[in-house]
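got a sequence here, can you build the structure:
(one chain, ligands or ions: 1)
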Amino acid sequence: MSDAMRPSRNLSRRLLLGAAAAALSGASSLDAAFAQTALAQTSLPPTPSCDDGDDPTPAQTAGPFFKPRSPERQSLIEPGMTGTRIALAGMVLTRSCRPVPNVLLDLWQADARGVYDNKGFRLRGHQFSDARGCYRFETVVPGRYPGRTPHLHLRVQAKGRPILTTQLYFPDEAGNARDGLFDPALLMRTQAAASGVEAQYDFVLAIR
Ligand SMILES: [Fe+2]
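As a prediction, this is how the structure comes out:
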């Protein structure tokens, strides 16, 4: 995504299309308004927000805490782990919005207190995007640590392609504006859920 507002622009376009469809089908303007409200309350958009020719996801520094050979797993939650649960899901896409299966996604992060496990593999794990280009991690919201706003580190690599190393950020974090690494193009979309937080981010690789 080249800018963080693109998802909401796309959602707005979908709302307008929904209203137009409702009008064409003879529904009243009240129905159309209701449909818009219902859609606006709908959680995360089900379709990719990629535009044809979209900019690739920006790269960011790996920082000092990456460790190779993390375990393959979707859930990084371990018994006794504290912190708000977060499910991060999305797709891996080419610049022309084609889903990319079998992409390695390696995530590492601080725990809820802002501490990395540099001895073991706590809150570290990798997985591969599925046949539809989808991935999903279950983890906890990372805490702040000195000089940084909360963030997740990821390495994303399609088979035989260069590694994209980047970081994802949380919307509405006061610390974002004070963090020199923060990039709004790397904001996840988040919403509260019964289980904690649901977050969504689609990676766009520099592949046509
Ligand atoms: Fe970090």
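
end to end on stretch 64-79, go ahead and measure it.
Stretch 64-79 has an end-to-end distance of 26 Å (criterion: C-alpha to C-alpha, to the nearest Å).

what sits up against it?
85, 106-109, 116, 118, 121-128, 136-140, 153, 155, 165 (C-beta atoms under 8 Å, 6 or more residues apart in numbering). C-beta: built from backbone N, CA, C; applies to glycine.

mind checking which of those are buried?
85, 106-109, 116, 122-127, 137-140, 153, 155, 165 (16 or more other C-beta atoms under 10 Å).

any weak-confidence spans in this protein?
1-48 (pLDDT under 70).

give me that answer again for 50
Applying pLDDT under 50 to the chain flags residues 1-42.

can you give the distance from the longest strand anywhere in the chain to the centre of its chain?
Secondary structure of the chain per DSSP state E: the longest strand is strand 85-93. Centroid separation for strand 85-93 versus its chain: 5 Å, with C-alpha atoms, centre = their mean, to the nearest Å.

and for stretch 137-150?
Distance of stretch 137-150 from its chain centroid, counting by C-alpha atoms, centre = their mean, is 14 Å.

quick thing: my sequence starts at 815, can you match it?
Will do, 815 is the new start, and the previous item becomes stretch 951-964.

mind checking the end-to-end distance for that stretch?
Using C-alpha to C-alpha, the end-to-end distance of stretch 951-964 comes to 17 Å.

ok, and what's touching that stretch?
Against stretch 951-964 from outside (C-beta under 8 Å, 6+ apart): 888-891, 895-903, 919, 921, 923-929, 937, 939, 941, 965-966, 983-984, 987, 989-990, 992-993, 995-996, 1010-1011.

show me which residues of it are buried.
951, 952, 953, 954, 955, 956, 957, 958, 962, 963, 964.

what's the neighbour count on residue 988?
8 (other C-beta atoms under 10 Å).

same check on residue 1021?
If you count neighbours by other C-beta under 10 Å, residue 1021 ends up with 15.

quick check: closest non-adjacent residue to it.
residue 908 (4.4 Å; C-beta to C-beta, 6 or more residues apart in numbering).
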